[in-house]
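Participant: Next input, structure requested:
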Amino acid sequence: MTKPALKILWLGRTLPFPPSSGDRAYTIGLLQSLLGEADITYVGMGDAHSKREADRVLPGVCWKPVFCDQRALPAALVSRRPLVSAQHSPPLVVAAVRAELLQSPYDCVVLDHYGLGWVLEDLSDELAASRCAVVYVAHNHEAVLAADTVEDFRGNPIKKLLLRWNARKIARTETLLTRRADLVTFISEDDARNLSEANAVRAAVIVRPIVKLSAMRAPSISKDTPRKLVMVGSFRWIPKQINLCRFLSEANAVATEQNARLDLIGDIPDALRDRLVAQYPWVNFRGFVDDLDEAINGYRLALNVEKTGGGFKLKNLTYVAAGLPIAALASSLTGVPEPMKKHMIVREKSADLLNAAMQALSDVDALNSMAKSAADAAASLFDECQNRDALLKSLRTTVADKATRSPQSSPVAGQNRLAAGRPPLSQPI
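Facilitator: Just a heads-up that it's a prediction; the model follows:
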C-alpha cells in the first residue's frame with residue numbers, strides 16, 4: 001500500500017534561488033529528492049525574481065516567500081542571535097512562520113541551516129501546539145567553522161571582537177539545534193561524528209549532496225584547451241575571503257614564475273576585487289555568472305583551496321560534473337570520500353599545490369583520466385536514490401517516533417499517517 005505523503009513545513013533563510021552558493025544547491029537537491037513523497041511548503045525571505053525561478057524549477061513545492069528586507073545590520077549585530085539568524089528573522093518573517101505553524105497541520109518542520117535556530121526559542125509554544133517533529137539540516141560544523149574564522153581573521157581588531165562574540169552565539173545556537181531537534185541531517189561522516197559526540201543528538205542521518213550526476217559531462221580536455229585554472233566560489237562570506245586572500249598571497253611567487261592564469265568565478269565585493277586585481281595580475285575575476293555549467297567549460301584544472309572552514313563542498317561535485325580534474329589543499333577535503341579524493345591532486349601548502357597544478361597542465365591524458373576516475377567514484381557515492389531513500393526513511397521514522405512519544409497528539413498532526421509502532425531510530429549511512 002502506498003504510504004501517504006508527508007506534510008513538511010520547510011523553513012529557510014531565503015528562497016534558494018538563484019543557486020549561487022553551495023548551501024542553496026544542497027537545499028535544492030534535498031527538495032527535489034522529496035517531491036512525490038512529500039507535500040512541501042517552503043517559507044523564507046524572497047522577492048518576485050526568486051519566486052518565479054523557484055516556481056519554474058520546483059513547481060511541486062508550495063513557495064511562500066516573505067517579501068521584506070533583512071534586519072538592519074546595527075540591530076542584527078546587537079541581537080542575542082547569531083548575525084545571519086538575526087538578519088533573516090525580521091518581524092514579518094517571524095509572523096509568517098508563526099501563522100503557518102498555527103494554521104496548517106504538518107508532520108514535521110525543517111529548520112534548514114543554523115540561521116533558523118531562533119524558531120526553537122521564539123516560537124517554542126507554537127511548535128509545541130503543532131506537535132510536529134523538528135528536523136535540523138546541518139550544513140557545517142558551525143561552531144568549529146566560526147572559531148576557525150576568528151582565529152584566521154587578520155583585519156580590523158573591532159571586527160575580530162565582533163566575530164568572536166558572534167562565534168559564541170553560533171556555538172550556542174548549534175548546540176540548541178542539535179540537542180532539541182528530533183532528527184539532524186549531516187552532509188558528511190565527519191560532521192555527524194563530531195557533532196554527535198559533542199551533543200546528545202536524538203537521531204541522525206547522513207545525506208550527502210543530492211545532485212544529478214547522471215548529467216555529468218565526459219572529460220574533454222585537449223591540447224587546444226587553454227592552459228588555465230578555474231576556481232568557483234561565493235566570496236561575500238568572510239571565511240571564503242580569508243581562504244582566497246591567503247591562497248593568492250602564498251601562491252603568488254609560483255604563479256609569477258610559472259606564468260599561471262587563474263579565472264575566479266563568483267560574486268565578490270567590489271573593494272576586495274579591486275584590491276586583488278592590483279596585487280595579482282595573473283588572476284582574472286569573472287564575477288557572478290548566470291550559467292555556471294557553461295562558464296566552467298574550457299579549463300584544464302579546477303582548484304579548491306578552502307582552509308578556514310575546510311571540508312566537503314558542493315564545488316567538488318560541480319567540478320566533477322563539468323568533467324574537470326581537481327587540485328585541492330588537503331585541509332579543504334575533510335569529509336570528502338577517499339575514493340574521490342585519491343583521484344585529485346592534493347597538497348598541504350598553497351605554493352606546493354599551485355606548483356603541482358601547473359606541472360599537471362601539460363599532460364592532457366592524465367587530466368582526463370583523473371576527471372573520469374573521480375566522476376566514476378562520485379556516481380557511486382552520491383547516488384540519487386540512495387540519498388533520497390535514506391532521507392525519506394529517516395523522516396518517516398522520526399515522525400512516527402514523535403507521534404509515539406506524544407500520546408495526546410491530534411491525528412491531523414500526522415499521528416495516523418504512518419504505521420503504528422516505534423521503528424528503530426535512523427543511523428548514519
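Participant: quick one: contacts for the nearest residue to Pro226 once chain neighbours are set aside?
Facilitator: Spatial nearest neighbour of Pro226, excluding adjacent residues (CB to CB, 6 or more residues apart in numbering): Gly298 at 6.3 Å. No exception for glycine: its C-beta is placed from N, CA and C like everyone else's. Applying CB atoms under 8 Å, 6 or more residues apart in numbering to Gly298 gives the contacts Thr225, Pro226, Lys228.
Participant: Roughly how far does Gly298 sit from Ile326?
Facilitator: 16 Å (CB to CB, to the nearest Å).
Participant: do Val93 as well
Facilitator: Using CB to CB, we find Val93 at a distance of 38 Å from Ile326.
Participant: For stretch 74-85, which outside residues touch it?
Facilitator: Contacts for stretch 74-85 (CB under 8 Å, 6+ apart): 13, 70-71, 86-87, 89, 113-118, 162, 166, 169-170, 173.
Participant: State the mean pLDDT of the longest helix seen in the chain.
Facilitator: In the chain, assigned by DSSP state H, the helix with the most residues is helix 157-180. Averaging pLDDT along helix 157-180 yields 96.
Participant: Output the below-cut-off pLDDT ranges for the stretch 1-150 of the chain.
Facilitator: Applying pLDDT under 70 to the stretch 1-150 of the chain flags residues 1-2.
Participant: Helices of that one, start to end?
Facilitator: Remark: helices assigned in the stretch 1-150 of the chain by DSSP state H, counting those that start in this stretch are 22-34, 48-57, 73-77, 83-87, 91-103, 118-122, 124-130, 142-152.
Participant: same thing with the stretch 301-429 of the chain?
Facilitator: Secondary structure of the stretch 301-429 of the chain (DSSP H, counting those that start in this stretch): helices at 314-321, 338-341, 350-360, 364-381, 384-405.
Participant: pull the CA atoms of the first one into CSV?
Facilitator: Read it as helix 314-321. Extracted C-alpha coordinates of helix 314-321, given in CSV (Å, rounded to 0.1, in the frame of the first residue of the first chain):
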residue,chain,number,x,y,z
LEU,A,314,29.4,21.3,-3.3
LYS,A,315,32.0,22.8,-5.6
ASN,A,316,33.8,19.4,-5.8
LEU,A,317,30.7,17.9,-7.4
THR,A,318,30.3,21.0,-9.6
TYR,A,319,33.8,20.4,-11.0
VAL,A,320,33.3,16.7,-11.3
ALA,A,321,30.0,17.1,-13.1
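Participant: can you give me the angle that helix makes with helix 22-34?
Facilitator: Comparing the axes of helix 314-321 and helix 22-34 via axes from the mean of the first three to the mean of the last three CA atoms, to 10 degrees yields an angle of 70 degrees.
Participant: Residues touching helix 314-321, excluding its own?
Facilitator: For helix 314-321, the surrounding residues in contact (CB under 8 Å, 6+ apart) are 22, 25-26, 209, 211, 213, 215-217, 232-233, 292-293, 296, 302, 304, 325-326, 328, 333, 336, 340, 371, 374-375, 378, 382.
Participant: same thing but at 6 Å, please
Facilitator: Helix 314-321 has contacts (CB atoms under 6 Å, 6 or more residues apart in numbering) with Gly22, Ala25, Pro209, Val211, Met216, Val232, Ala302, Ile326, Ala374, Ala375, Ala378.
Participant: Dump those into TSV; add distance to Ala133 and neighbour count as well.
Facilitator: Shown next, in TSV, are those (distance: CB to CB, whole Å; neighbours: other CB atoms under 10 Å):
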residue	distance to Ala133	neighbour count
Gly22	26	22
Ala25	25	19
Pro209	23	23
Val211	26	22
Met216	35	19
Val232	36	24
Ala302	39	24
Ile326	38	25
Ala374	37	25
Ala375	36	24
Ala378	31	24
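Participant: Run a quick neighbour tally on Arg164.
Facilitator: Close neighbours of Arg164, defined as other CB atoms under 10 Å, add up to 15.
Participant: I'd say it and Val150 touch.
Facilitator: Yes. Taking CB atoms under 6 Å as the definition, Arg164 is a contact partner of Val150 at 4.9 Å.
Participant: Least confident of the contacts of helix 314-321?
Facilitator: Ranked by pLDDT, the contacts of helix 314-321 bottom out at Val211 (66).
Participant: contacting residues around Ala167?
Facilitator: The contact partners of Ala167, by CB under 6 Å, 6+ apart, come to Ala146, Ala147, Val150.
Participant: Among these, which one lies nearest to Ser130?
Facilitator: Ala146 (30.3 Å; CB to CB).
Participant: Val150 versus the closest residue to that closest one other than its chain neighbours, what's the distance?
Facilitator: Spatially, and ignoring its direct neighbours in sequence, Ala146 is nearest to Ala167 (3.7 Å; CB to CB, 6+ apart). Ala167 sits 5 Å away from Val150 when distances are taken as CB to CB.
Participant: What of Ser369?
Facilitator: For Ser369 relative to Val150 (CB to CB), the value is 41 Å.
Participant: which of those two has more neighbours?
Facilitator: Val150 (18 against 14).
Participant: So the more buried one is in contact with Leu162, correct?
Facilitator: No. Using CB under 6 Å, Val150 makes no contact with Leu162, being 9.7 Å away.
Participant: Can you tell me the SS state at Lys223?
Facilitator: Counting by DSSP: H, G, I helix; E, B strand; the rest coil, the backbone at Lys223 sits in coil.
Participant: For it, what are phi and psi?
Facilitator: phi -70, psi -20 (degrees, to the nearest 10).
Participant: ok, for it, nearest residue in space, not its chain neighbours?
Facilitator: Closest to Lys223 by CB to CB, 6+ apart is Val364, at 6.0 Å.
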